Each structure stands twice: as C-alpha cells, then as structure tokens.
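Q: whatever this is, show me its structure:
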Amino acid sequence: MNPFPKRVTKAPSGAAVSFMPLHEVSIPLDKSVTAEYMANHARQEFFRSLSIAKDMRRKGDHEGAAFFLSDAAEFRRIFAAFRQAVTVMGGL
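A: Numbering: from 1, shown residues only. Reported below is the predicted structural model:
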C-alpha cells in the first residue's frame with residue numbers, strides 16, 4: 001500500500017510552505033523529477049535557514065535564531081518526505 005497521496009494540496013494563499021503541517025502536503029508520485037526538484041529545493045532552504053540562524057545567534061538575536069532553527073527543521077522534514085517519495089518511485 002502506498003502511503004503517499006497522488007495529488008498536490010495547495011498552500012493557503014500567502015502561506016509559506018514551511019508553515020504547512022507535513023501531513024497536509026501531498027507529493028505528486030507520478031512525477032519523480034518533480035519530487036527530486038522539491039527535495040533539492042527543501043535541502044537548499046534547510047541550509048539557508050540554518051545559516052541565518054547561526055548568524056542571528058552570533059548577533060545575540062536568540063528569538064530570531066530559534067525561529068530560523070524551527071524553519072530549518074521543517075525544511076529538513078519536507079526534504080526527507082520528498083526523498084522518500086523518490087525512493088518509492090524507484091528514482092529518476
């Protein structure tokens with residue numbers, strides 16, 4: 001049984017993907033190229049958010065650092081979900 005839905009759920013207007021609960025994000029399993037692209041994008045955003053968090057912590061902005069660490073964690077979860085989808089699809 002395939003645990004992933006086949007349709008993409010759109011984010012509410014103006015919502016950032018990082019604020020959507022992962023269970024509301026669907027992965028288009030008929031297009032492994034799309035899943036691979038989204039995995040790579042989430043990975044890049046993870047590293048970007050982590051870098052910003054480190055910079056904010058260095059500057060003493062602990063609240064901002066915590067926000068971007070949370071953001072990085074969410075992108076990490078999204079990356080893992082899309083990588084798993086690519087694996088389920090048998091790669092590119």
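Q: which element is residue 41 on?
A: helix 32-58 (DSSP states H and E).
Q: for that helix, packing partners?
A: Under the contact definition 3 or more Cβ pairs under 8 Å, 6 or more residues apart in numbering; DSSP states H and E, helix 32-58 sits against helix 62-88. In this view, the C-beta of every residue, glycine as well, is placed from N, C-alpha and C.
Q: tilt between the helix it packs on and helix 32-58?
A: Helix 62-88 and helix 32-58 are oriented at 160 degrees to each other (axes from the mean of the first three to the mean of the last three Cα atoms, to 10 degrees).
Q: before we move on, back to that, how about the helix holding residue 41: buried residues?
A: Under the neighbour-count criterion of 16 or more other Cβ atoms under 10 Å, helix 32-58 has 32, 34-36, 38-39, 42-43, 45-46, 49-50, 52-53, 56 buried.
Q: quick check: mean pLDDT of it?
A: On average, the pLDDT along helix 32-58 is 91.
Q: same check, this time on stretch 78-92
A: Per-residue scores along stretch 78-92 average to 81.
Q: how long is stretch 56-66 from one end to the other?
A: Stretch 56-66 has an end-to-end distance of 9 Å (criterion: Cα to Cα, to the nearest Å).
Q: residues contacting it, please?
A: Defining contact as Cβ atoms under 8 Å, 6 or more residues apart in numbering, one finds that stretch 56-66 is touched by 53, 54, 68.
Q: check contacts around the second one.
A: By Cβ under 8 Å, 6+ apart, the contact set of residue 54 is residue 65.
Q: same question for the last one.
A: The neighbourhood of residue 68, defined by Cβ under 8 Å, 6+ apart, consists of 49, 50, 52, 53, 56.
Q: how about 7 Å then?
A: By Cβ atoms under 7 Å, 6 or more residues apart in numbering, the contact set of residue 68 is 49, 52, 53, 56.
Q: and residue 72, by the same measure?
A: Residues in contact with residue 72, defined by Cβ under 7 Å, 6+ apart, are 46, 49, 50, 53.
Q: now it: closest residue in space that isn't a chain neighbour?
A: Take residue 72 and drop its neighbours on the chain: the residue closest to it by Cβ to Cβ, 6 or more residues apart in numbering is residue 49, 3.8 Å away.
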